[in-house]
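> Below are the sequence and a predicted model; questions follow.
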Amino acid sequence: MRTVRAIDAVRDAVRRARDDGARIALVPTMGFLHDGHLALVEAARLHADFVVMSVFVNPLQFGPTEDLARYPRDEAGDAAKAAERGVDLLFLPTVDAMYPTGTAVRVVPEGLDLRWEGAVRPGHFAGVLTVVTKLFNIVQPDVALFGQKDAQQVALVRALVRDLDMPLDLIIVPTVREADGVAMSSRNSYLTPDERVRARALSRALAEVRRMHADGQRSGATLERAGRAILEREDDVSVDYFAVVDPVRLEPVAHAGDGCIVIVAARVGRTRLLDNTVLGA
Ligand code: AMP
């Protein structure tokens, strides 16, 4: 595996791989890699010959009171894990390399970011779509991989590629979980041991909704009430949202057919956690 920090070095390496006939995959991350990220690499290897992973904690997608400064970082550990799983090129840009002159232009979503994460984190998705667009332009991948873990991000990146005619395929990888059901996340490292136990309530609530749906319950409101009740029973867990939504517009549904997504965000202590499940999948 080669590690590079300069945009030109990425372009050169990708050009050479493409000249050799390789299909190029991009796995964008913010690092502190876990098995969820590495599942994206495994999927990338099935769909491409040359896998580029970016590790960049993108300041543009953090609000002024968010965890940018304390976001967990481990460059050496990330490089070892990426190399072991078969990443060919690891791109570790600096903030200066990515935003040398600030941001006179951003990619701003319309509407899809007004609810859920977008409502709690104003500007977050403009930051995400801007950096994703930059990474797509730098790497020019044939395929890019994202995790279902971030359901609203998936909906927005799909809209980005569709609405701006970006010439690449998206592959969405199912959420990788710890043995007790908790969705893997770099932010789990913020949890105290006690909070880590309480964090199970998110996946437990989703599992209960899945069970009810499998038993035939199709009322969005009933499913939501049942899931929310499980979270509200847990001390020190406060629900930001728990909703059954359609997979494209992410609007709450009265009738929860297959393919609808149950999304949850909750604070466990001071840590905000996200999870979701696709019904009928
Ligand atoms: P992040 O480093 O949190 O920005 O995540 C980078 C990519 O990994 C995103 O596409 C995430 O959706 C994906 N990802 C994060 N956690 C998981 C997980 N537990 N399972 C699958 N994909 C994940």
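All right, it came through fine.

> can you tell me if stretch 116-132 touches the ligand.
No. Contact of stretch 116-132 with the ligand (CB under 6 Å from any ligand atom) is absent, the minimum separation being 8.6 Å. (Each C-beta comes from the backbone N, C-alpha and C, glycine too.)

> Output that stretch as CSV, restricted to C-alpha atoms.
Extracted as CSV, the C-alpha positions of stretch 116-132 are listed here (Å, rounded to 0.1, in the frame of the first residue of the first chain):
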residue,chain,number,x,y,z
TRP,A,116,-33.2,14.5,11.0
GLU,A,117,-29.4,14.9,11.1
GLY,A,118,-29.7,18.0,8.9
ALA,A,119,-32.0,19.7,11.4
VAL,A,120,-29.8,19.0,14.4
ARG,A,121,-26.6,19.8,12.5
PRO,A,122,-27.1,22.8,10.2
GLY,A,123,-24.6,22.9,7.3
HIS,A,124,-23.4,19.3,8.0
PHE,A,125,-24.6,17.8,4.8
ALA,A,126,-23.3,20.7,2.7
GLY,A,127,-19.9,19.9,4.3
VAL,A,128,-20.3,16.2,3.5
LEU,A,129,-21.4,16.8,-0.1
THR,A,130,-18.7,19.3,-0.8
VAL,A,131,-15.9,17.0,0.5
VAL,A,132,-17.4,14.0,-1.3
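
> List the buried residues in it.
Within stretch 116-132, the residues scored as buried using 16 or more other CB atoms under 10 Å are 116-118, 121, 123-132.

> List the residues that contact the spatially most central residue of the chain.
For the chain, D150 is the residue whose C-alpha lies nearest the centre (CA atoms, centre = their mean; 3.8 Å). By CB atoms under 8 Å, 6 or more residues apart in numbering, the residues touching D150 are L274.

> Show me which residues of the stretch 151-281 of the chain sit near the ligand.
173, 175-176, 183-186.

> What about these, which are in strands?
With DSSP state E as the criterion, strands contain V173 from among those.

> Dump the residues of the stretch 151-281 of the chain next to the ligand into TSV; add distance to V10, pLDDT and neighbour count as well.
TSV is the format used below for these (distance: CB to CB, whole Å; pLDDT from 0 to 100; neighbours: other CB atoms under 10 Å):
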residue	distance to V10	pLDDT	neighbour count
V173	22	98	20
T175	28	98	21
V176	26	98	18
A183	30	98	24
M184	27	98	18
S185	27	97	23
S186	23	95	19
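
> thought P247 was touching G280?
No. At 11.0 Å, P247 does not count as touching G280 under the criterion of CB atoms under 8 Å.

> between these two, what contacts are shared?
Common neighbours of P247 and G280, using CB under 8 Å, 6+ apart, are 259-260.

> Comparing those two, which residue is more hemmed in?
Ranked by neighbour count (other CB atoms under 10 Å), P247 and G280 place P247 first, with 15 against 12.

> how about that one, what does it touch?
The contact partners of P247, by CB under 8 Å, 6+ apart, come to 151, 155, 259-261, 278.

> A79: which of the residues of the stretch 151-281 of the chain next to the ligand is nearest?
Nearest to A79, judged by CB to CB, of those is S186 at 15.7 Å.

> Closest one of the buried residues of stretch 116-132 to the ligand?
The closest of those to the ligand turns out to be V128 (CB to the nearest ligand atom; 8.6 Å).

> Near the residue nearest to that closest one when sequence neighbours are not counted, how many other residues are there?
Nearest residue to V128, sequence neighbours excluded (CB to CB, 6 or more residues apart in numbering): Q61, at 4.9 Å. Using other CB under 10 Å, Q61 has 21 neighbouring residues.

> doesn't P122 make contact with Q61?
No. With contact defined as CB under 8 Å, Q61 does not reach P122; the gap is 11.2 Å.

> so what pLDDT did V268 get?
On pLDDT, V268 comes in at 98.

> Just the pLDDT for the residue nearest to V128.
pLDDT, read off for Q61, is 98.

> go on, the one 3 residues further on?
Here the pLDDT value assigned to P64 is 95.

> Report the contact partners of it.
With contacts taken as CB under 8 Å, 6+ apart, P64 has no neighbouring residues.
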